[in-house]
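> Provided below for reference: sequence and predicted model.
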Amino acid sequence: QVQLEESGGGLVQAGGSLRLSCAAFRSRSSFAINAMGWYRQAPGKQRELVATITSGGSTNFADSVKGRFTISRDNAKNTVDLQMNSLKPEDTAVYYCKIVVATMVYPYEYDVWGQGTQVTVSS
C-alpha cells in the first residue's frame with residue numbers, strides 16, 4: 001500500500017510564500033509513479049487541480065496560479081514539491097497531494113491521495 005506524507009502548510013500573509021512537500025513510500029517493495037500533483041479544496045467549493053508534473057517533467061498549472069506557483073519532483077526520492085509565491089487570500093484551501101502509481105495489471109495505474117494540509121493566506 002503506497003502512502004503519502006504531506007508537509008509545509010500553514011498561515012501566511014498575502015504576498016508571502018509557502019512550500020508544500022509530499023513524499024510517497026511503501027514499506028515492502030519499490031513502485032513506479034506516473035504523474036504527481038497538487039489539488040486544493042476551499043470551503044464550499046469542489047476540489048480543483050493546482051499543478052501536475054509527469055515522470056518526464058512536463059508540468060501543468062491552473063490558470064489562477066500560473067506565474068506564482070512552481071512544481072518539482074525528485075524521482076529518486078518519490079517526492080513532489082509545490083512552491084507557492086505571491087500568495088493571495090483566495091489561495092486559502094486544503095491542499096492535497098495526489099500521485100498516479102503504475103501497476104502491472106489493468107487498469108495499469110491507480111490514484112493515491114494524501115490527507116491534505118491546510119494553507120491559510122491572510123489579507
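Received it, and whenever you're ready, just let me know what you need.

> C-alpha only now, for contacts and for neighbours.
Fine.

> please, which helix or strand holds the residue nearest the centre of the chain?
By CA atoms, centre = their mean, the chain has its centre lying nearest to residue 38, at 2.5 Å. Element membership of residue 38, judged by DSSP states H and E, is strand 32-41.

> so what touches that strand?
47-55, 71, 73, 78, 80, 82, 93-103 (CA atoms under 8 Å, 6 or more residues apart in numbering).

> how far out from the middle of the chain is it?
Remark: strand 32-41 is offset 5 Å from the chain centroid, using CA atoms, centre = their mean, to the nearest Å.

> list the buried residues in that strand.
Residues of strand 32-41 classed as buried: 33, 34, 35, 36, 37, 38, 39, 40, 41 (neighbour count, 16 or more other CA atoms under 10 Å).

> who touches the very next helix or strand once past it?
Once the chain leaves strand 32-41, the next helix or strand it forms, by DSSP H and E, is strand 48-53. Applying CA under 8 Å, 6+ apart, the set of residues contacting strand 48-53 from outside is 35-41, 59-62, 65, 70-73.

> now, the most widely separated pair of these?
Using CA to CA, the pair of those lying farthest apart is 41 and 73, separated by 21.9 Å.

> residue 18 pairs with what?
Beta-bridge pairing for residue 18 (DSSP bridges): residue 84.

> rewinding a little: got the angle for the strand holding residue 38 vs strand 48-53?
Interaxial angle of strand 32-41 relative to strand 48-53 (axes from the mean of the first three to the mean of the last three CA atoms, to 10 degrees): 150 degrees.

> let me see the mean pLDDT of strand 32-41.
Averaging pLDDT along strand 32-41 gives 96.

> tell me the gap between stretch 43-56 and the middle of its chain.
On CA atoms, centre = their mean, the centre of stretch 43-56 falls 7 Å from the chain's centre.
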